[in-house]
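1. here is the input, now give the coordinates:
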Amino acid sequence: MALPSTSTQPATTTSSILHRSLHTDPHSVITAKDNYLTLSNGQRILDATGGAAVTCLGHGNTRVRDAVMKQMDEGVAYCHSLFFATAAAEELASELIEETGGVMERVFVVSSGSEAVEAALKLARQYFLEIRPAQPQRTKFISRLQSYHGTTLGALGAGGHLARREAFEPLLIRTTGRVSPCNAYRDMRDGESTDEYVARLAKELDDEFVRLGPETVCAFIAEPVVGAALGCVPPIPGYFPAMKAVCEKHGALLILDEVMSGMGRTGYLHAWQNPLVGVTPDVQTIGKALGSGYMPIAAMLVNRRVVATMRAGSGAFMHGQTYQGHPVACAAALEVSKIIKEDKLVQNCAEMGELLGQLLKEKVLGLEGVGDVRGAGLFWGIEFVKNKQTKEPFDPSEGIAMGVHQLAIQPPFNISIYPGTGTVDGKRGDHVLIAPAYNVTPGFVVLIVNTVAQVISKFFEMKKGQ
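-> Model prediction:
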């Protein structure tokens, strides 16, 4: 078997879709059931990542399907939120607020994570126009290097992922400052204690506030557990409390982006409920697992303090989208939420996640080319390095992460894992993600880990032989 090619040489295509590549057409999925995808070429693929950590219930759930059909048959498929409300949206919002223990008060439902982040950025700006006395000079944000918060221009501008920003840099907002991520594997110094590392990062954030002008910053935005950009990097103890303290010192908001890590993925319904995070956000974004892929849906949640300020001011959020609060999407997400609660899937996510992490460290961490294994719940990343001792990454031209993914999806492995790049500095660095459905069993976890270990071993064996 030859090493999988990452070539972009033209090939014959027949699709009219603007796929992610104009040179090759992807295989078509003809059926999907539970944790498997069946392709048009007859292959049966084990979906070990739920796409992009989306299908938390697996594929083909009849309860969600029936809830969608019921909403379309007995309710309303669409109405404009400027004029009307729907029971599906109201019930979903009530469920989401209840699950925060009342910390959050209002929900804004949209169709994608990028849209949720756009809404969060605009709400943060409006908050400072509504507060008394108003602070219109607050127009800036602070995010982290190598961060990714979405692909629309506003969300992309708020992020710090160099490769994803590069082509569009002239179009992006220039009012975002950046600080280092919390990445102990890459950035914690030799001999540095956890407390010292947290203090250093807190000082860096404080210094960035000062550099930008603390009275000009709306919010600090960060993922509690960094997903695709860094490969499931969790925070170290004390990090987020220290970051929130800096925000409060300067009167700025804290936005937690849980589009990828939220809704049970990390073993807690909301990642901020994990004691390792240890803070409550002012504004939160969720997506992906919210609807488990059955309908496009994401949301922004807003806490009581921010809502009270808005209520005392204009009494309205100056933002809206045609498909916000879409009733069919809300019905799907509500049923997903009920299933997660009734089947105790967040608890299963935590328990199976502990097993997944243990087995990855036992069977994958020691393999050639693997530098680190990290994660939380059913959200784990594997980082590849050229040199284990120095942590030197592979050259981007080698296409390591994509090569591992392409080998994995071929027979005899037939498994889908999620590749990512830019792990080190936004351009260099490779990792893959493992993010199976919440209802996985111990046997399924063992199957995933054993297969992934075989793929990685085979990939670097083949690479060595080239």
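2. rest of the way, CA atoms for contacts and neighbours
-> Will do.
3. quick check: longest helix of this structure.
-> Assignment by DSSP state H gives helix 442-465 as the longest helix of the chain.
4. buried ones in that one?
-> 444-445, 448-449, 451-460 (16 or more other Cα atoms under 10 Å).
5. please apply the same query to stretch 340-356.
-> Applying 16+ other Cα under 10 Å to stretch 340-356 flags 340, 345-356 as buried.
6. same check on stretch 252-268?
-> Using 16+ other Cα under 10 Å as the test for burial, stretch 252-268 gives 252-268.
7. of the residues you listed, which belong to strands?
-> Counted as lying in strands by DSSP state E, out of the buried residues of stretch 252-268, are Leu253, Leu254, Ile255, Leu256, Asp257, Glu258.
8. can those residues go into JSON lines with extra columns for distance to Leu212 and pLDDT?
-> Below are these laid out as JSON lines (distance: Cα to Cα, whole Å; pLDDT from 0 to 100):
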{"residue": "Leu253", "distance to Leu212": "15", "pLDDT": "98"}
{"residue": "Leu254", "distance to Leu212": "17", "pLDDT": "98"}
{"residue": "Ile255", "distance to Leu212": "18", "pLDDT": "98"}
{"residue": "Leu256", "distance to Leu212": "21", "pLDDT": "98"}
{"residue": "Asp257", "distance to Leu212": "22", "pLDDT": "98"}
{"residue": "Glu258", "distance to Leu212": "26", "pLDDT": "98"}
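9. can I get those residues in JSON lines including distance to Val117?
-> Formatted as JSON lines, these follow (distance: Cα to Cα, whole Å):
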{"residue": "Leu253", "distance to Val117": "14"}
{"residue": "Leu254", "distance to Val117": "13"}
{"residue": "Ile255", "distance to Val117": "9"}
{"residue": "Leu256", "distance to Val117": "10"}
{"residue": "Asp257", "distance to Val117": "7"}
{"residue": "Glu258", "distance to Val117": "10"}
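10. Gly381 touches Asp430, doesn't it?
-> No: using Cα atoms under 8 Å, Gly381 makes no contact with Asp430, being 10.2 Å away.
11. can you say which helix or strand has the residue nearest to Lys427 when sequence neighbours are not counted in it?
-> Nearest residue to Lys427, sequence neighbours excluded (Cα to Cα, 6 or more residues apart in numbering): Ala163, at 5.5 Å. Here Ala163 sits within helix 162-165, counting by DSSP states H and E.
12. for the stretch 251-400 of the chain, which segments count as helices?
-> All helices of the stretch 251-400 of the chain, identified by DSSP state H, counting those that start in this stretch, fall at 304-312, 327-342, 345-363, 400-408.
13. ok, and the closest non-adjacent residue to Leu356?
-> Per Cα to Cα, 6+ apart, closest to Leu356 is Val445, 6.1 Å.
14. check Val179 too.
-> Using Cα to Cα, 6+ apart and skipping residues adjacent in sequence, the residue nearest Val179 is Arg144, 4.8 Å away.
15. if I look at the one you found, how far off is Arg20?
-> Using Cα to Cα, to the nearest Å, Arg144 is found at 27 Å from Arg20.
16. the two: which is more packed in?
-> Arg144 (22 against 9; other Cα atoms under 10 Å).
17. do you know the pLDDT at that one?
-> Looking at Arg144, its pLDDT is 97.
18. what about the residue nearest to Lys427, neighbour count?
-> Per other Cα under 10 Å, the neighbour tally for Ala163 reads 15.
19. same check, this time on Thr216
-> Thr216 has 20 neighbouring residues, counting by other Cα under 10 Å.
20. pretty sure it sits against Phe128.
-> No: the pair Thr216 and Phe128 does not pass the contact test of Cα under 8 Å, sitting 10.0 Å apart.
21. now for these two: what residues contact both?
-> Residues touching both Thr216 and Phe128 by Cα atoms under 8 Å, 6 or more residues apart in numbering: Arg138.
22. tell me what the helix holding Ala163 is packed against?
-> Other helices and strands packing on helix 162-165, by 3 or more Cα pairs under 8 Å, 6 or more residues apart in numbering; DSSP states H and E, are helix 153-158.
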